[in-house]
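Peer 1: Take this sequence and fold it.
(one chain, ligands or ions: 1)
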Amino acid sequence: MGLLVEGQWQDQWYDTKASGGKFERKASSFRHWLTADGSPGPNGQKGFKAEPNRYHLYVSLACPWAHRTLIFRKLKALEGMISVSVVHYLMQENGWTFTPIEHSDHPDWVNVEDEINHQEFLHQVYTMADPQYTGRVTVPVLWDKKTKAIVSNESSEIIRMLNVAFDHLGARPWDFYPEPLQEEIDTINDFVYRNINNGVYRAGFATTQQAYDEAVQELFVALDSLEQRLGKQRYLVGDSITEADWRLFTTLVRFDAVYVGHFKCNLRRIDDYPNLSGYLRELYQVPGVAPTVNMTHIKRHYYQSHDMINPTGVVPQGPIVDFTQPHCRG
Ligand SMILES: N[C@@H](CCC(=O)N[C@@H](CS)C(=O)NCC(=O)O)C(=O)O
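Peer 2: As a prediction, this is how the structure comes out:
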């Protein structure tokens, strides 16, 4: 686990000393935009034109942020237009790697290889795009094969691009960010990001009791309020699935298996919330979503990569969770 400083890899963990034991996530660095015609995106940064077979996603199957982009690629039927490389689930002294995984007979086995740039480490892909890059080397990465550039490494923006940029090229016309709902989606996204998506990390990576206590309290107050909300409506915003649901889903699906134990988010399990657990199963059962969830990568990544939290690297066997049970929603 480390970062690049002026293009040089340095192995170091997050520094929480300066922030009183709190984990503070840094903003992503590459913020260009994919658009139908190559015009600049909403943030005014350089636009890249949507073209079939031009773009590539680097993801970790363990990572909740990267998982969002895989779900959008699947549901928007972009698999034939955007290729993918999966990194090894372990993130240690070299960060994300393409080291081959043994046990190819395992049912959750996937090929771990950079078939596009043939690199060994993801940080080498970052320095191909910017030889002087300083910052963290995170997934997901949206890569332009044509100009050998990183379009974006910010998942919330990549899913917005995938939502519309390829529609004229035959993507499935399923709009997860419809105009009349945008304000409400943005509001709930902010709440879910701070308290839940990033809230579990703020709890898990806290290095003082106070920072942990605060994060856990805020996390469960937020989950309790969403439990209420989902008692009155089927989805987070209105009566159809939106981007806000997928952003919450990737945290919920990891919660009982990883965040309860490894990140000590253990006041309650998602399974203890009738509405949230039914909602989670419903989203999991949307055709195409289940194959994007790889519990082997998820559990092994967290329990084996963070050795300051789990020095033995032992991965627990449970809990037994079955997202295929009836969801009883709607
Ligand atoms: N804001 C980014 C966050 C991505 C992120 O933090 N990914 C994690 C994996 S779950 C990562 O790659 N971490 C490596 C690091 O921080 O060095 C996004 O949503 O795309």
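
Peer 1: any weak-confidence spans in the protein?
Peer 2: For the chain, the stretches flagged by pLDDT under 70 are 103-105.

Peer 1: Return the set of buried residues in the lengthiest helix in it.
Peer 2: Using DSSP state H to define each element, the chain has its longest helix at helix 209-232. With burial defined by 16 or more other Cβ atoms under 10 Å, the residues of helix 209-232 counted as buried are 211-212, 214-216, 218-220, 222-223, 226-227, 229-230. For the C-beta atoms, the positions are set from N, CA and C on the backbone; glycine is no exception.

Peer 1: What of stretch 61-78?
Peer 2: Neighbour counts over stretch 61-78 (16+ other Cβ under 10 Å) mark 61-76, 78 as buried.

Peer 1: now swap in stretch 41-54 and tell me
Peer 2: Judged by neighbour count (16+ other Cβ under 10 Å), stretch 41-54 contains these buried residues: 41, 47-48, 50-51, 54.

Peer 1: Name all residues that make contact with the residue most central in space within the chain.
Peer 2: Nearest residue to the geometric centre of the chain (Cα atoms, centre = their mean): residue 65, 1.3 Å. Listed by Cβ atoms under 8 Å, 6 or more residues apart in numbering, the contact partners of residue 65 are 138-140, 155, 197, 250.

Peer 1: List the ones among those residues that fall in helices.
Peer 2: Counting by DSSP H, the part of the contacts of residue 65 found in helices is 155, 250.

Peer 1: from the contacts of residue 65, which is closest to residue 244?
Peer 2: Nearest to residue 244, judged by Cβ to Cβ, of those is residue 197 at 11.0 Å.

Peer 1: which one is the closest one nearest to, not counting chain neighbours?
Peer 2: Nearest residue to residue 197, sequence neighbours excluded (Cβ to Cβ, 6 or more residues apart in numbering): residue 251, at 5.0 Å.

Peer 1: Can you tell me which residues in the chain are near the ligand?
Peer 2: 1, 28, 60, 63, 65, 95, 136-140, 153-156 (Cβ under 6 Å from any ligand atom).

Peer 1: again, only this time at 8 Å
Peer 2: 1-3, 14, 25-28, 60, 62-66, 68, 91, 95-96, 136-140, 153-156, 158 (Cβ under 8 Å from any ligand atom).

Peer 1: Mark out where each domain of this structure begins and ends.
Peer 2: What automatic domain parsing lists as the domains of the chain is 2-169, 179-286.

Peer 1: on that earlier part again, what residues does the residue nearest to residue 197 make contact with?
Peer 2: 64, 192, 196-197, 200, 259 are the contacts of residue 251 under Cβ under 8 Å, 6+ apart.

Peer 1: so how far is residue 31 from it?
Peer 2: Counting by Cβ to Cβ, to the nearest Å, the separation of residue 251 from residue 31 is 23 Å.

Peer 1: All the helices of this structure, in order from the start?
Peer 2: In the chain, the segments counted as helices under DSSP H are 64-75, 122-129, 155-164, 182-192, 199-204, 209-232, 243-254, 274-284, 295-305.
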